[in-house]
Structures are given as C-alpha cells and as structure tokens.
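*Asks:* sequence-free structure coming up:
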C-alpha cells in the first residue's frame with residue numbers, strides 16, 4: 001500500500017479461507033416459529049421419507065453423512081440439537097429412534113463457508129487473559145468481518161501477540177468453527193454462549209435475528225474501563241437485506257456475548273464508535289448521521305443515542321464524498337487519537353487520522369492533510385476494489401497497532417510510533433481541524 005514511511009507494515013496477511021466452515025440451519029427462517037404452513041408441510045414430507053427407511057438404511061445414510069467429519073460425536077450432538085429445535089414442527093416426532101432423530105436433524109443443516117469471499121474490516125483489543133505472555137509483550141484479540149455465500153457477513157476472531165520490540169504474530173485458526181447457543185432472547189436483546197473448551201478462532205457470531213439476517217457488519221471493538229472493571233463493547237451494523245441499524249455487543253470473556261439494538265436518531269446509521277471510558281460522567285460516541293461528517297454524541301444511557309455536534313467535515317480532495325471513523329478513539333497524553341477514513345474520486349477509500357482535545361473532544365487540535373494509508377495499484381483489486389479500511393486500532397507502549405483491510409478482501413497490520421504520528425497531525429495547528 002502507499003503509505004507514510006513511518007508506518008511499519010508487517011508481513012502478515014489474513015486471507016479468506018473457503019475450507020473454514022460452520023454448520024448452520026438449511027432452508028429455514030432464522031426462527032423455527034416463523035415457519036409458514038407451506039414450510040411445515042415440506043419439512044414433514046422430508047421426515048416421512050426418512051421414517052420410511054428401514055433401520056439398516058438409516059444407519060448407512062447417517063454413517064455416510066458423518067464420513068466427511070472428524071468429530072463424529074460432536075456432529076451427532078449438533079444433529080440431535082437441530083431436531084430438538086424443530087420438534088414442534090414435526091408431526092410424528094414421538095416415534096423417532098435415536099438414529100432417525102440424528103439423521104432428520106442432518107437434513108436441516110448444511111456446511112457454510114463463512115469466509116469464502118472476504119475477511120476484512122478488522123479491529124483489535126487486548127485479550128482479557130494475559131497469562132503466559134513474554135515479559136513486556138501483549139496478547140490481543142483481532143475481530144474480523146467474514147463474508148461467505150450470498151454476501152452474508154459474520155463476526156470471527158483471531159488471537160495474536162506483540163512483543164516488547166514490536167514484533168507481531170497471529171495464531172493460525174482452526175478449520176472447523178462453531179456457532180454459539182442462544183441462551184436468552186428478550187425483545188431486541190440476545191444472549192449467546194460458546195462452549196468453554198472452544199478455541200477463540202472457532203467462535204463465529206452469525207446473524208441470529210431478522211434485523212441481522214444479511215449480516216453483522218464492521219464491529220468496532222473497544223476495551224471500556226469503568227470503576228476498575230473492563231468490558232468489551234462493539235458497535236456494529238445489523239443488515240436485514242433492506243434496512244440497517246446500529247447494534248451493541250458486550251462481552252467480558254469472549255465466551256458469552258450480549259447483543260442489543262441501539263435506540264435514538266443516531267442509531268439508524270452506520271459507523272458508531274464508543275469512547276473507551278465515560279467523559280464527564282457520560283458515555284460518548286463518534287458517529288456520522290448526516291452521511292458525510294463526523295459528530296460527537298453524549299448520552300447518559302449506553303443504549304440511547306440521539307444527534308450530536310459536528311466536529312469534522314470533508315475538506316481535502318481525498319475525503320470530499322464523506323468522512324467516517326476507523327474505530328474508537330485512543331487515549332494518548334496528547335489527546336484523543338481517532339483514525340478516519342475518507343472517500344474520494346472513484347470511491348477511493350483512504351485512512352487518515354485526527355487528534356481531539358483531551359478535555360473537550362469536540363475540539364480538533366490536529367488533522368492529516370493527506371491520506372496516511374491508501375490503495376496501491378498492485379493491491380487495489382479485490383471484493384471491493386480501491387479500498388483500505390479499519391474498524392479499530394490499539395495503543396501498545398509508544399506504538400499504535402493498526403489492523404486494516406485491503407480491497408475488502410484480506411487484512412494486514414501496521415505499527416507506527418505515536419510521537420511521529422502526533423507530530424504529523426499537529427503540524428499546522430487547530431486551524432486545520434474543521
């Protein structure tokens with residue numbers, strides 16, 4: 001990529017892998033209770049065909065189905081759970097043998113290659129478990145937007161470390177991934193839980209509501225500090241295929257997650273990013289609710305966000321169409337560092353940055369006049385050409401770790417010295433802020 005020489009781009013490339021799959025419902029609505037009479041009739045036609053097989057045929061078909069999977073007991077458990085989830089739809093469930101139940105469950109599941117098309121728009125936060133990390137280093141979690149068949153977006157994770165000297169390493173993911181159990185569903189609030197023994201690279205958060213059915217997009221994670229405790233929040237876009245809305249994810253351990261829709265006038269738009277702590281006793285968010293400028297919003301309620309104050313408008317040619325944030329603000333001694341994206345001619349997405357006053361973040365005290373990272377001709381082709389984009393960076397010592405996506409296809413990481421970046425942003429002073 002074309003970028004400033006002080007950006008140290010690491011030789012790490014996280015590319016989409018079509019061999020990575022999850023097992024998910026096949027040919028059915030998000031919720032079984034939403035089946036219409038035609039769906040129910042077809043389901044029971046399939047059930048009747050399975051019940052017409054004799055015991056030996058049932059066992060043979062089931063064994064053949066399992067042949068492509070390494071963990072047979074695990075898969076049989078998934079098959080049984082699927083049948084249990086659909087039990088109220090079946091007309092003859094009382095007569096099922098165990099093998100019949102397992103096979104029927106398999107008929108209503110399929111493998112889905114959740115990152116076959118793209119793996120992009122990353123964000124990064126410190127891992128809640130730092131045990132065993134080398135002295136001076138840090139373990140982190142990288143979240144990524146994965147896109148598979150039908151342009152459906154889900155949320156997936158990687159684990160990595162950065163050494164005291166700034167060397168980055170990413171652990172390879174496991175091939176087979178898993179979906180969480182829905183442990184609670186109350187209105188717009190969903191609670192999800194993964195198995196305790198699952199690896200973080202196995203965990204995939206797939207759409208679980210009609211508002212999300214076409215995607216959970218662009219999660220901006222932040223480690224939020226309050227009263228000595230850390231919670232991990234992510235604002236993301238839920239896409240139904242027709243409408244979008246902003247939602248909030250919360251977790252403490254990356255095993256259990258709570259997802260809930262945000263409310264208020266600002267929540268009908270994309271790209272909201274939460275500050276990592278309260279400011280003056282209130283929550284604060286960077287948002288873009290006029291489709292082109294960045295706004296600062298305060299709220300007394302984490303789930304309620306109305307309109308805010310514009311703090312940055314398009315000024316330079318590389319951002320004439322719109323400006324957005326590239327994740328949550330990062331607290332520095334010099335102020336709040338916010339990476340931004342700008343859209344220019346031919347939908348050319350570039351990454352810049354701005355510095356906000358520590359005490360009054362509505363005041364811009366520094367701004368990049370030109371892109372810091374932008375597409376290069378040799379790498380700009382991909383799922384969406386001519387784009388670089390990030391959903392969140394992280395401070396580590398005297399460096400910033402910036403993960404970003406290239407052409408909405410694959411992701412990489414760069415590091416930059418904070419002092420050098422701050423010096424660049426503050427050249428020209430606050431007059432360049434708006």
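*Replies:* That came in fine, so what should we check first? Only a predicted model underlies this, so the values are computations on that prediction, with no experimental measurement involved. Numbering: from 1, shown residues only.
*Asks:* residue ranges of the helices in the stretch 151-300 of the chain, please?
*Replies:* For the stretch 151-300 of the chain, helices defined by DSSP state H, counting those that start in this stretch do not occur.
*Asks:* the stretch 301-434 of the chain now?
*Replies:* Under DSSP H, counting those that start in this stretch, the stretch 301-434 of the chain gives helices at 418-426.
*Asks:* what stretches of it score poorly on pLDDT?
*Replies:* 377-382, 384, 428-434 (pLDDT under 70).
*Asks:* isn't residue 107 up against residue 45?
*Replies:* No - using C-beta atoms under 8 Å as the test, residue 107 is too far from residue 45 to be in contact (10.9 Å). All C-beta spots, glycine's among them, are computed from the backbone N, C-alpha and C.
*Asks:* which one's more surrounded, the two?
*Replies:* Using other C-beta atoms under 10 Å, the more surrounded residue of residue 107 and residue 45 is residue 107, with 19 against 9.
*Asks:* tell me, how many residues neighbour the closest residue to residue 321 other than its chain neighbours?
*Replies:* Once flanking residues are discounted, residue 321 sits nearest to residue 343: 4.0 Å by C-beta to C-beta, 6 or more residues apart in numbering. Per other C-beta under 10 Å, the neighbour tally for residue 343 reads 20.
*Asks:* and if you look at the one 10 residues further on?
*Replies:* Residues within reach of residue 353, counting by other C-beta under 10 Å, total 24.
*Asks:* show me what contacts it?
*Replies:* With contacts defined as C-beta atoms under 8 Å, 6 or more residues apart in numbering, the neighbours of residue 353 are 337, 338, 339, 340, 367, 368, 372, 421, 425.
*Asks:* next one: the second one from residue 277, what distance?
*Replies:* So that's residue 338. Counting by C-beta to C-beta, to the nearest Å, the separation of residue 338 from residue 277 is 15 Å.
*Asks:* same check, this time on the first one
*Replies:* In this structure, residue 337 and residue 277 are separated by 14 Å, where distance is defined by C-beta to C-beta.
*Asks:* again with residue 390
*Replies:* 21 Å.
*Asks:* which one's more surrounded, residue 338 and residue 277?
*Replies:* residue 338 (26 against 13).
*Asks:* what bridges to the more buried one?
*Replies:* residue 354 (DSSP bridges).
*Asks:* I figured it was touching residue 329, is that so?
*Replies:* Yes - if you go by C-beta under 8 Å, residue 338 and residue 329 touch, sitting 4.7 Å apart.
*Asks:* what touches both of those two?
*Replies:* Counting by C-beta under 8 Å, 6+ apart, the residues touching both residue 338 and residue 329 are 273, 286, 356.
*Asks:* export those to JSON lines and tack on distance to residue 143 and neighbour count?
*Replies:* Shown next, in JSON lines, are these (distance: C-beta to C-beta, whole Å; neighbours: other C-beta atoms under 10 Å):
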{"residue": "273", "distance to residue 143": "14", "neighbour count": "26"}
{"residue": "286", "distance to residue 143": "18", "neighbour count": "29"}
{"residue": "356", "distance to residue 143": "24", "neighbour count": "25"}
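*Asks:* output those residues in CSV, with distance to residue 241 appended to each entry.
*Replies:* Output for the shared contacts of residue 338 and residue 329, formatted as CSV (distance: C-beta to C-beta, whole Å):
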residue, distance to residue 241
273, 25
286, 27
356, 36
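*Asks:* keep only those of these that are in strands.
*Replies:* Among the shared contacts of residue 338 and residue 329, DSSP state E puts 273, 286, 356 in strands.
*Asks:* list just the nearest of the residues you listed to residue 315.
*Replies:* The closest of these to residue 315 turns out to be residue 356 (C-beta to C-beta; 15.9 Å).
*Asks:* right, and the closest one touches residue 363 too?
*Replies:* Yes - look at residue 356 against residue 363 with C-beta under 8 Å: they come within range, at 6.7 Å.
*Asks:* what are the contacting residues of the strand or helix carrying residue 105?
*Replies:* Under the criterion of DSSP states H and E, residue 105 resides in helix 98-107. Here helix 98-107 makes contact (C-beta under 8 Å, 6+ apart) with 26, 46-47, 50-51, 55, 58-59, 61-62, 65, 76, 78-84, 86, 90, 96.
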